[in-house]
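**Student:** mind looking at a prediction? Sequence and model below.
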Amino acid sequence: MEQPIEMNTLSQILEKLRKKGIDNELKMTDHGKMQSKTLDKIYTPEDLNIVKTYRFEGMSDPGDSSVLYMVEDSDKNIGYILDSYGAYSDNDGPAFADFLKKINTVDRDEQELFR
């Protein structure tokens, strides 16, 4: 019988990022921009590129459903935006989704990001 392939969990990806020194979460501000408290920067969508997207779906708990967007700013700093989706989303209203839609996407290979 073939062994199942282990799926990455959100906590595994976040731990991998932490070990690489990437502990830079961006969160939506009241002014409709993203803020990195780690880097003390505020971003517009034009300041960022989405370089990788991970989607996690809970097998038994819909509260486990989330998306992790890895982003890179114009100074090549890597960070991430985390969002639960559906009824469990922390981001009310259309501002968060509108912001994400405006970010340029440049998909990168995972090996390139975690060197």
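**Tutor:** Cool, the structure landed.
**Student:** make sure N104 is actually in contact with V51.
**Tutor:** No. Applying Cβ atoms under 8 Å, one finds N104 not in contact with V51, separated by 9.9 Å. In this view, the C-beta of every residue, glycine as well, is placed from N, C-alpha and C.
**Student:** now the spatially most central residue of the chain: closest residue in space, sequence neighbours ignored.
**Tutor:** The centroid of the chain falls nearest to Y69 when counting by Cα atoms, centre = their mean (2.4 Å). Distances taken as Cβ to Cβ, 6 or more residues apart in numbering place I81 nearest to Y69, at 4.3 Å, with adjacent residues excluded.
**Student:** quick one: the one you found is in a helix?
**Tutor:** No. Counting by DSSP: H, G, I helix; E, B strand; the rest coil, I81 falls outside a helix, being strand.
**Student:** tell me the contacts of it?
**Tutor:** Shown in contact with I81 (Cβ atoms under 8 Å, 6 or more residues apart in numbering): 25-27, 34, 68-69, 71, 100.
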